[in-house]
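Q: just to be clear, the model below is a prediction. Sequence and coordinates:
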Amino acid sequence: MSKRPKIGLALGGGGARGLAHIGVLKVLEREGVPIDLIVGTSMGAIIGAAYAVTPHAGALEKRASAFFSRDSKERKSLKLLEKLHWEEDSQKSDFIHRLAHIAEKEFLLSLTVFKKSLLSHKEMRRILQVILPDIKVSETRIPYAPIGVDLLSGKKVFLTEGKLICAVRASCAVPGFMAPVPWNGMLVADGAILEPVPVKSAGEMGADIVIGVDVSFCLCHPPLIWDGIDTVNRAVDIMSYHLSRHSTEGADLLIQPSVRQADWTDFLKYKELIREGEKAAEAQIKKIRKLVKKSTRRNRGSGKRFEKRPVGSQKLISLGAYTPPV
């Protein structure tokens with residue numbers, strides 16, 4: 001009798017837009033979709049780690065809501081990032097307000113000239129400690145792997161060993177904004193630099209079926225470009241958009257919440273972003289059920305789509321799958 005194919009969840013990066021992952025997880029859990037492993041980059045690494053430790057999407061939503069709704073020390077750290085985003089306001093679109101906003105952005109970004117990032121290792125660790133326990137990556141309930149990039153070699157890194165908080169911190173270390181993390185002779189930064197949606201990595205970790213969740217940016221509406229920083233940001237958006245499209249290739253099912261117009265610093269829109277994740281997953285649930293049902297008839301894990309890699313200390317088969325209550 002053949003084994004049931006492993007279902008992997010690939011959670012992409014996107015800053016605040018990644019909060020939509022929580023909504024997707026709520027629907028998958030409600031429908032009893034078995035999740036055998038989770039791979040995440042950037043914000044997807046944070047959400048993925050929290051769920052891999054405690055597979056309860058409702059509890060995760062409550063913790064996220066509590067974090068973003070209160071004025072804590074950890075929350076204040078994120079306000080530095082939020083100041084880099086400015087929405088056009090007809091009441092404040094005159095030259096003086098534009099000039100003030102440009103000055104504020106350039107002051108904040110100039111800080112990175114004198115230090116490695118806007119947020120220090122200590123600040124990021126303090127934020128993650130609110131969400132994650134002090135355990136090893138291999139101790140999560142659902143097998144889990146955050147993805148990073150070694151800034152020295154330019155290669156992808158599977159962060160499957162060591163402390164969970166340190167691994168997640170490395171995976172979401174956006175260059176210039178969060179400091180890269182020293183890791184076994186490497187200097188690891190945001191995994192989304194190479195793989196915004198880690199579909200291929202999920203396959204390499206042993207998934208036979210990959211459900212990808214893409215919360216990348218949309219190029220639909222050109223932004224207002226007032227200064228050099230806006231120009232650079234737009235160029236990065238364009239590169240990231242096309243890289244995201246490439247990284248989703250190979251997914252058996254792709255869920256794309258309608259959050260593409262949200263800025264990566266829009267953390268205060270957490271309720272709306274989570275709800276958009278729910279709506280996107282609900283729209284795809286019939287396809288999810290059909291995919292799972294079809295695939296139980298034959299194991300597609302022949303290694304033809306993805307080359308499997310050794311997982312080190314994380315024994316995917318022995319840990320088994322977590323199947324949410326129906």
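A: Right, received. Where do you want to start?

Q: average pLDDT for stretch 233-247?
A: For stretch 233-247, mean pLDDT rounds to 84.

Q: for stretch 267-282, same thing?
A: The average of the pLDDT scores along stretch 267-282 is 93.

Q: who's in contact with it?
A: The contact list for stretch 267-282, computed with CB atoms under 8 Å, 6 or more residues apart in numbering, reads 16-17, 19-28, 61, 64-65, 68, 78, 82, 213, 255-259, 262, 266, 288. For glycine as for every other residue, the C-beta is placed from the backbone atoms N, C-alpha and C.

Q: just the buried ones from those, in ChimeraX syntax?
A: Buried members of the contacts of stretch 267-282, defined by 16 or more other CB atoms under 10 Å, are picked up in ChimeraX with:
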select :16,17,19,20,21,22,23,24,25,26,27,28,61,64,68,78,213,255,256,257,258,259,262,266,288
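
Q: out of the contacts of stretch 267-282, which are inside strands?
A: Taking DSSP state E as the definition of strands, the contacts of stretch 267-282 contribute 213, 255.

Q: out of the contacts of stretch 267-282, which sit inside helices?
A: 20-28, 61, 64-65, 68, 78, 82, 288 (DSSP state H).

Q: which of those residues sit farthest apart?
A: Largest separation among the ones in helices among the contacts of stretch 267-282 by CB to CB: 82 and 288, giving 34.0 Å.

Q: how about the host helix or strand of residue 283: buried residues?
A: Element membership for residue 283, per DSSP states H and E: helix 270-295. Buried residues in helix 270-295, counting neighbours by 16+ other CB under 10 Å, are found at 270, 273-278, 280-282, 284, 288, 291-292, 295.

Q: quick check: residue 14 touching residue 218?
A: No - taking contacts as CB atoms under 8 Å, residue 14 lies outside contact range of residue 218: 10.7 Å.

Q: higher neighbour count, the two?
A: Counted by other CB atoms under 10 Å, residue 14 and residue 218 do not tie: residue 14 has more neighbours, with 31 against 13.

Q: look up the closest residue to the more buried one, ignoring the ones flanking it.
A: Closest residue in space to residue 14, ignoring its immediate chain neighbours: residue 215 at 3.8 Å, by CB to CB, 6 or more residues apart in numbering.

Q: residue 255 is in contact with that neighbour, correct?
A: No - assessed by CB under 8 Å, residue 215 is found out of contact with residue 255, at 9.3 Å.

Q: ok, for residue 68, nearest residue in space, not its chain neighbours?
A: Spatial nearest neighbour of residue 68, excluding adjacent residues (CB to CB, 6+ apart): residue 270 at 4.7 Å.
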